[in-house]
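Engineer: need the 3D shape of this:
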Amino acid sequence: MSKRSNCDRLHFYQTVEQPCAYLPDQRATNTLADPGWPMDASAFGVLLANGFRRSGDNVYRPQCANCQACVPVRVRADTFTPSRNQRRTARANTEISHQLVEPSVNSEYLALYQRYVDSRHPTSEMKNNAEETFRHFLISSWSRTLFIEYRLAGRLIAVAVTDQVPNALSAVYTFFDPSLASRSLGRLTILRQLEVVSSLELSWLYLGYSIAACQNMAYKSGYLPQQHFIAGAWRDVTTR
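Structural biologist: Residues are numbered from 1 along each chain as shown. Next comes the predicted model:
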């Protein structure tokens with residue numbers, strides 16, 4: 001698993017069942033890697049390649065009794081072929097710059113994050129605890145996390161939070177100015193992250209879980225060709 005540890009020493013736990021955040025009338029549980037284990041980017045890369053994700057310092061994978069709707073998705077940068085809509089989005093946003101910076105908590109990020117959650121998650125606890133969720137959801141004490149800032153005429157309009165592991169980036173979360181919805185900033189940030197994967201001479205961009213029955217999660221299936229982690233193996237998906 002890492003230079004100082006191996007898979008035998010990492011224990012996993014099952015979380016208690018709770019309502020699913022994505023599918024109504026479904027119950028959800030996760031397999032959680034031992035939070036006390038000395039996780040690092042290398043070990044996380046192994047878990048990521050086995051269908052896990054990060055939320056704050058926690059590494060988890062959905063493990064629901066009666067549902068397998070959450071499908072881990074990854075895209076290889078050097079074989080990705082943008083669709084017509086994706087090419088249109090890229091052309092329409094050439095004036096938007098991006099740069100990689102170290103993660104931090106500052107007033108500019110928090111103001112943008114608050115506007116985003118107010119718009120996208122108006123009934124969630126994220127709305128009333130934006131700074132707390134920012135700190136505990138996006139930033140980790142052990143991960144190699146990068147913030148990709150997107151600016152238009154110098155104004156911060158989006159931030160993509162991504163983790164770097166050996167040979168890959170893992171898209172954690174993106175927040176952006178909701179008043180610029182017509183620019184398809186969510187799509188743009190994925191396209192730019194694929195560019196960053198190539199510029200860093202890595203191979204994969206992990207997009208998290210695609211859920212076909214949930215519109216907010218199904219968009220990830222549009223970046224092709226891609227691979228899905230099903231029954232313990234990565235399988236190629238090449239058609240839209």
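Engineer: could you pull out the strands for the chain?
Structural biologist: Applying DSSP state E to the chain gives strands spanning 12-14, 18-19, 27-28, 30-33, 53-55, 58-62, 71-76, 97-101, 145-152, 155-165, 168-176, 204-210, 226-230, 233-237.
Engineer: please render those as TSV that adds distance to residue 132 to the earlier fields.
Structural biologist: Just so you know, the C-beta spots here come from the backbone N, C-alpha and C atoms, and that holds for glycine as well. TSV is the format used below for these (distance: least, CB to CB, whole Å):
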stretch	distance to residue 132
strand 12-14	24
strand 18-19	20
strand 27-28	22
strand 30-33	20
strand 53-55	14
strand 58-62	15
strand 71-76	28
strand 97-101	22
strand 145-152	18
strand 155-165	16
strand 168-176	15
strand 204-210	22
strand 226-230	31
strand 233-237	35
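Engineer: tell me which of those strands lies nearest to residue 119.
Structural biologist: Closest approach to residue 119 among the strands of the chain (CB to CB): strand 168-176, 9.7 Å.
Engineer: tell me which strands the closest one pairs with, and in which orientation.
Structural biologist: Strand pairing for strand 168-176, using DSSP bridges, gives strand 155-165 (antiparallel), strand 204-210 (parallel).
Engineer: which residues touch it?
Structural biologist: The contact list for strand 168-176, computed with CB atoms under 8 Å, 6 or more residues apart in numbering, reads 45, 48, 53-54, 74, 112-113, 116-117, 137-138, 145-146, 150, 157-164, 185-186, 189-190, 193, 196-197, 200, 202-208.
Engineer: over to stretch 18-33?
Structural biologist: Here stretch 18-33 makes contact (CB under 8 Å, 6+ apart) with 10-17, 39, 47, 52, 58-67, 69-70, 211, 213-214, 216-217.
Engineer: and it, which residues are buried?
Structural biologist: Buried positions in stretch 18-33, judged by neighbour count with 16 or more other CB atoms under 10 Å: 20, 22-23, 28-30, 32-33.
Engineer: now do stretch 95-114
Structural biologist: Residues of stretch 95-114 classed as buried: 96, 98, 103, 109, 112-114 (neighbour count, 16+ other CB under 10 Å).
Engineer: okay, now the unreliable bits of this structure?
Structural biologist: For the chain, applying pLDDT under 70 flags the ranges 1-8, 122-128, 240.
Engineer: kindly recompute the last result at 80.
Structural biologist: 1-8, 121-129, 240 (pLDDT under 80).
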